[in-house]
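**Student:** Provided below for reference: sequence and predicted model.
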Amino acid sequence: MAKQKNAGPTGKELAILGILWEKGPSTVHDVHAALHQLGETGYTTTLKLMQIMREKGLVLREGGGRRHIYRPAQSEETTQNQVVKDLMGKAFAGSAEKLVMRALSVKKVSSEELNNIRKMLDEIEGE
């Protein structure tokens, strides 16, 4: 099947990828069970989403017959980087500053998170 270009993951697809990153390679049944705990999702919906994700190149499918095993095509970090780049380009005119400022303004940040952010900024400045 041909991959669709520039088709980033939707919210539901990111939820599925999150399950696969956490649990490792899984069947549709396993993913559906984990998704179902997060809210109402039909099995056929989960199956269709995972088929679409395969077409988009987001997941890889192994095995045959009725027991297909799915795994993410890319690491969590790589996917997150792509999602952030896309969001930064679309919603923040390519500005990392605007993205970070908005992210910090919409949710209370813990002291630990602020310390980690400061460490990262110090590392970036040191480069």
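**Tutor:** Done, it's in.
**Student:** what's the domain layout of the chain?
**Tutor:** According to automatic domain parsing, the chain comprises the domains 11-72, 76-126.
**Student:** just give me the neighbour total for Gly11.
**Tutor:** If you count neighbours by other Cβ atoms under 10 Å, Gly11 ends up with 6. To be clear about C-beta, it is placed using only N, CA and C from the backbone, and glycine gets the same treatment.
**Student:** how close does it sit to Gly39?
**Tutor:** Applying Cβ to Cβ, to the nearest Å, the value for Gly11 to Gly39 is 12 Å.
**Student:** which residues sit in contact with the residue nearest the centre of the chain?
**Tutor:** Per Cα atoms, centre = their mean, the C-alpha nearest to the average position across the chain is that of Leu14, at 3.8 Å. Taking Cβ atoms under 8 Å, 6 or more residues apart in numbering, we find Leu14 in contact with 79, 83.
**Student:** over to the one 10 residues further on?
**Tutor:** Residues in contact with Gly24 (Cβ under 8 Å, 6+ apart) are Arg71.
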